[in-house]
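J.: okay, here's the prediction I keep looking at, along with the sequence it came from:
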Amino acid sequence: MAKKVVKTIKIQAEGGKATPAPPLGPVLGQAGINIGEFVKQFNDQTRDQMGQIVPAVITVYDDRSFDFVLKVSPASRLILKKLGKDKGSGKNVASRIGTLTSAQVREIAETKMADLNASSVEQAMKTIAGTARSMGVEVK
């Protein structure tokens, strides 16, 4: 017999460094999840993504068990990592923080493809380029 899904939670935590402290602990506690067990499993699965923000979708069942699916870092984080910057431009039209080449956009799109609702890499590249432009990054 299949377990009944009680709740679905979306979180973002740093890979390999999740802790039971806020903001993660209270969210998991309200859902009735064993916080220590989740943190241990999350950190074990994200050890290779140390320092990156890793989104996860947690499914909580009626017997307080859970499972989770890891996603790829947000597109904005991947863009900033490529540029070696900490944050985007506050005034994206007036000031640019850097430039991405078409090859770099393709690489980010291929990395992020599993989480995007695009049917081809070219469509994913357009999505990534739009995100880059809104952050003040020029795409050539």
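T.: Right, received. Where do you want to start?
J.: what about the longest helix in the protein?
T.: helix 121-134 (DSSP state H).
J.: what's that helix in contact with?
T.: Helix 121-134 is contacted by residues 75-76, 79, 88, 92, 100, 102, 105-106, 108-110, 112-113, 116, 118, 138-139 when judged by C-beta atoms under 8 Å, 6 or more residues apart in numbering. For every residue, glycine as well, the C-beta is placed using N, CA and C.
J.: and the buried ones among those residues, selectable in PyMOL?
T.: Applying 16 or more other C-beta atoms under 10 Å to the contacts of helix 121-134, the buried members can be selected in PyMOL as follows:
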select buried, resi 75+76+79+88+100+105+106+108+109+112+113+118+139
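J.: thinking again about what came up before, quick one: name whatever helix or strand follows the longest helix of the chain.
T.: As assigned by DSSP states H and E, the chain's next helix or strand after helix 121-134 is strand 137-139.
J.: can you name every helix or strand that that next one contacts?
T.: strand 98-100, helix 121-134 (3 or more C-beta pairs under 8 Å, 6 or more residues apart in numbering; DSSP states H and E).
J.: could you identify the helix or strand that succeeds the shortest one?
T.: Put plainly, it is strand 98-100. Next helix or strand after strand 98-100 toward the C-terminus (DSSP H and E): helix 102-112.
J.: tell me which of the helices and strands packed on strand 137-139 approaches residue 12 most closely.
T.: helix 121-134 (16.3 Å; C-beta to C-beta).
J.: ranking the helices and strands packed on strand 137-139 by mean pLDDT, which is last?
T.: Confidence, taken as mean pLDDT, is least for strand 98-100 of the helices and strands packed on strand 137-139 (a mean of 89).
J.: could you look up the SS state of the residue sitting nearest the centre point of the chain?
T.: The centroid of the chain falls nearest to residue 73 when counting by C-alpha atoms, centre = their mean (3.1 Å). Here residue 73 takes the coil state, with states given by DSSP: H, G, I helix; E, B strand; the rest coil.
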